[in-house]
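Colleague: My questions are about this predicted structure, shown below with the sequence.
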Amino acid sequence: MIENQYIDIFNQYRDKIDSKSAPGLNNLRDKAFEAFRKQGFPTKKLEDYLYIDVSAEFLPDYGLNLNRVPFNGNPYVAFRCEIPNMTTNLYFVLNDLFHEEHKPRVEYPKGVFVGSMQQFAKEKPEVFSKYYGQIADVNNNGIIAFNTMFAQDGFVIYVPKGVIIEQPIQLINILKSEFNYLVNRRILIIAEDDTQVKLLVCDHTVDESQFLSTQVTEIYAGRNAIVDYYNLEENSDKVTSLTNTFVHQEESSNVLVNNLTLNTGVSRNNYNVKLNGEHAEAYVCGMVIADRQQYVDNFAFLDHAKPHCTSTQLFKYVLDDEAKGSFCGRILVEKDAQKTMAYQSNNNLCISPNAHMYAKPQLEIYADDVKCSHGLTTGQLDEEALFYLRSRGIGYDAAKLMLMQAFTAGVLEHVRIPRLRDRLQDLVEKRFKGESARCGNCAVCK
């Protein structure tokens with residue numbers, strides 16, 4: 001079993017893992033280890049993992065930076081991921097090592113913390129232990145347990161009660177190695193009552209080595225909090241990305257999670273959202289553009305635990321060549337969650353006859369005064385629409401591009417930062433044209 005290899009590594013290097021981390025992260029390792037020993041990695045025997053063999057992704061011989069060897073060079077000089085006409089406070093995680101040298105472009109209000117998880121765990125141990133690993137339960141999934149065993153640092157945003165951060169925060173994850181590499185990343189967002197914060201995470205790959213990345217993100221939205229979380233995947237074809245995003249919402253909170261996959265090798269994205277306060281609103285969106293032999297799998301579970309809550313799921317795929325995609329969306333409306341409004345939509349476009357899409361929408365409702373719906377469509381380009389555009393003098397390639405852009409527009413409309421939305425529209429157009437979908441103005445993107 002491939003799990004035994006990592007169990008042996010953990011046992012052999014446990015002291016080193018702990019010494020290069022912080023007590024707050026170390027406190028959960030024993031619990032995670034026992035959970036991983038019992039569960040192992042998810043297999044195709046599980047209904048939610050029918051189309052991906054997670055264990056196979058761990059078979060290559062990967063390196064691990066348990067010694068926390070620093071990255072050579074200053075990423076603020078070598079790498080830029082600029083969004084035209086929008087200033088962000090910029091941070092870097094190099095493989096799974098937070099880059100410490102940073103001064104924010106715009107100063108934060110008093111009490112705000114943005115930076116290394118190790119540092120936050122040392123400065124605010126009580127706050128950290130209250131939130132870290134609490135909704136990302138290691139017993140929920142073997143990948144979460146694995147990540148919790150090995151993660152030694154991460155990225156934290158802490159916004160105390162009543163604080164509004166106007167400036168978007170941008171985190172650039174960079175994969176760089178001359179040999180096959182495994183990274184374990186953590187993100188923790190704590191937005192207390194009456195707060196606002198926006199985070200854009202950009203994933204880039206520099207080298208042509210094979211990478212495996214596990215990432216666990218936990219988002220806590222207090223009463224009346226507004227949180228935007230965007231994740232832009234622009235990895236290489238040699239990257240396997242396994243992410244788990246957890247959201248816990250209190251009364252009248254509003255959370256948007258929007259994932260855009262422009263390039264990857266294999267991606268599995270899990271979203272687990274609990275609406276735990278009345279009048280909470282959740283938006284979980286995803287857009288996938290995949291070709292060649294890429295594979296992208298999105299799984300979303302939204303739990304309506306309280307009355308008068310609203311949720312929207314919207315996922316769109318555009319698959320070409322021999323690309324494969326899968327989507328499973330589940331909405332649970334608990335017994336006392338009356339006046340729930342929950343909507344789920346999955347629309348898929350298979351450009352090539354060799355592309356495959358698997359989809360399974362699910363509703364589980366135990367309340368009787370609700371408005372819930374789900375919709376699913378999978379097909380090819382509308383030949384009548386294509387003919388109409390061509391009859392108006394538009395060339396085939398241009399007409400095809402227009403239809404694909406129109407198809408994906410709904411997901412981009414859920415980007416609540418106008419200048420970011422404009423930039424993403426430009427990147428999507430480049431991707432459809434077969435051009436580089438990357439920024440083009442930094443070492444990462446050349």
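Modeller: Okay, I see it.

Colleague: Every contact and neighbour count from this point should use C-alpha atoms.
Modeller: Noted.

Colleague: which residues sit in contact with residue 142?
Modeller: Contacts of residue 142 were listed using Cα atoms under 8 Å, 6 or more residues apart in numbering, and they are 35-36, 39-42.

Colleague: That one and residue 348, how far apart?
Modeller: With the distance defined as Cα to Cα, to the nearest Å, residue 142 ends up 29 Å from residue 348.

Colleague: Poorly predicted segments of this structure, please.
Modeller: Applying pLDDT under 70 to the predicted model, the residue ranges of the chain that meet it are 73, 76-85, 101-103, 387-388, 436-446.

Colleague: let's go with 50 and repeat that
Modeller: 437, 439-446 (pLDDT under 50).

Colleague: Can you show me the helices along it?
Modeller: When assigned using DSSP state H, the helices of the chain occupy the ranges 2-19, 23-26, 29-39, 54-57, 75-78, 117-123, 125-131, 142-150, 383-391, 396-412, 418-432.

Colleague: Which strands or helices does the longest one pack on?
Modeller: Read that as helix 2-19. With contacts defined as 3 or more Cα pairs under 8 Å, 6 or more residues apart in numbering; DSSP states H and E, the packing partners of helix 2-19 are helix 29-39, helix 142-150.

Colleague: Now render the ones you listed as JSON lines, adding distance to residue 424.
Modeller: Supplementary listing: those in JSON lines, determined by distance: least, Cα to Cα, whole Å:
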{"stretch": "helix 29-39", "distance to residue 424": "37"}
{"stretch": "helix 142-150", "distance to residue 424": "30"}
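
Colleague: Selecting buried members of the contacts of residue 142 in ChimeraX, what would you type?
Modeller: Buried members of the contacts of residue 142, identified by 16 or more other Cα atoms under 10 Å, are gathered into one ChimeraX selection as follows:
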select :35,36,39,40,41,42
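
Colleague: Quickly check the contacts of residue 142 for the two that are furthest apart.
Modeller: Using Cα to Cα, the pair of these lying farthest apart is 35 and 42, separated by 12.4 Å.

Colleague: dump the residue contacts of residue 349.
Modeller: Neighbour list for residue 349: 316-319, 378-381 [criterion: Cα under 8 Å, 6+ apart].

Colleague: try residue 200
Modeller: Residue 200 neighbours (Cα under 8 Å, 6+ apart): 168-171, 229-232.

Colleague: The most centrally placed residue in the chain and residue 215, how far apart?
Modeller: Closest residue to the average C-alpha location of the chain: residue 231 at 5.1 Å, with Cα atoms, centre = their mean. With distances defined as Cα to Cα, the gap from residue 231 to residue 215 amounts to 12 Å.

Colleague: Distance check, residue 386 against residue 291.
Modeller: If you measure residue 386 against residue 291 using Cα to Cα, the figure is 21 Å.

Colleague: Look at these two and report which has more neighbours.
Modeller: Neighbour comparison, residue 386 and residue 291: the larger count goes to residue 291, with 22 against 19 (by other Cα atoms under 10 Å).

Colleague: Enumerate every residue touching the more buried one.
Modeller: If a contact means Cα under 8 Å, 6+ apart, then residue 291 has 319-323 as its contacts.

Colleague: Turn these into a markdown table, including neighbour count and distance to residue 137.
Modeller: As requested, the contacts of residue 291 are arranged in a markdown table below (neighbours: other Cα atoms under 10 Å; distance: Cα to Cα, whole Å):
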| residue | neighbour count | distance to residue 137 |
| --- | --- | --- |
| 319 | 29 | 33 |
| 320 | 21 | 36 |
| 321 | 17 | 37 |
| 322 | 18 | 35 |
| 323 | 23 | 32 |
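
Colleague: so can I have a markdown table of those showing distance to residue 374?
Modeller: Output for those, formatted as a markdown table (distance: Cα to Cα, whole Å):
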| residue | distance to residue 374 |
| --- | --- |
| 319 | 21 |
| 320 | 25 |
| 321 | 28 |
| 322 | 27 |
| 323 | 25 |
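
Colleague: What is the end-to-end distance of stretch 219-233?
Modeller: This stretch, stretch 219-233, spans 19 Å end to end (Cα to Cα).

Colleague: Kindly apply the preceding question to stretch 341-359 instead.
Modeller: Taking Cα to Cα, stretch 341-359 runs 22 Å from one end to the other.

Colleague: So for it, what gets flagged as buried?
Modeller: Buried residues in stretch 341-359, counting neighbours by 16+ other Cα under 10 Å, are found at 341-352, 355-357, 359.

Colleague: Mind checking which of the residues you listed land in strands?
Modeller: Filtering the buried residues of stretch 341-359 for membership in strands, criterion DSSP state E, returns 341-350, 356-357, 359.

Colleague: Between all of those residues, which two are at the greatest distance?
Modeller: With distances taken as Cα to Cα, the most widely separated pair in those is 341 and 356, at 31.1 Å.

Colleague: Can you show me the strands along the stretch 151-300 of the chain?
Modeller: Defined through DSSP state E, counting those that start in this stretch, the strands belonging to the stretch 151-300 of the chain, from first to last, are 155-159, 169-175, 181-191, 196-205, 211-221, 226-234, 239-249, 254-263, 266-275, 281-290, 295-304.

Colleague: nearest to residue 334, of these?
Modeller: strand 295-304 (6.0 Å).

Colleague: Return the list of strands paired to the closest one, each annotated with direction.
Modeller: strand 266-275 (parallel), strand 324-333 (parallel) (DSSP bridges).

Colleague: who touches the last one?
Modeller: Contact partners of strand 324-333, identified using Cα under 8 Å, 6+ apart, comprise 48, 51, 290, 293-305, 313, 317, 319, 340, 342, 344, 346, 355-367.

Colleague: try it again with 6 Å
Modeller: When contacts are taken as Cα atoms under 6 Å, 6 or more residues apart in numbering, the neighbours of strand 324-333 outside the stretch itself are 295-304, 355-366.

Colleague: Among the residues you listed, name the buried ones.
Modeller: 295-304, 355-357, 359, 361-363, 365.

Colleague: ok, residue 416 to residue 258 distance?
Modeller: Residue 416 is 10 Å from residue 258, where distance means Cα to Cα.

Colleague: Tell me which of the two has more neighbours.
Modeller: Set side by side, residue 416 and residue 258 show more neighbours around residue 258, with 23 against 13, by other Cα under 10 Å.
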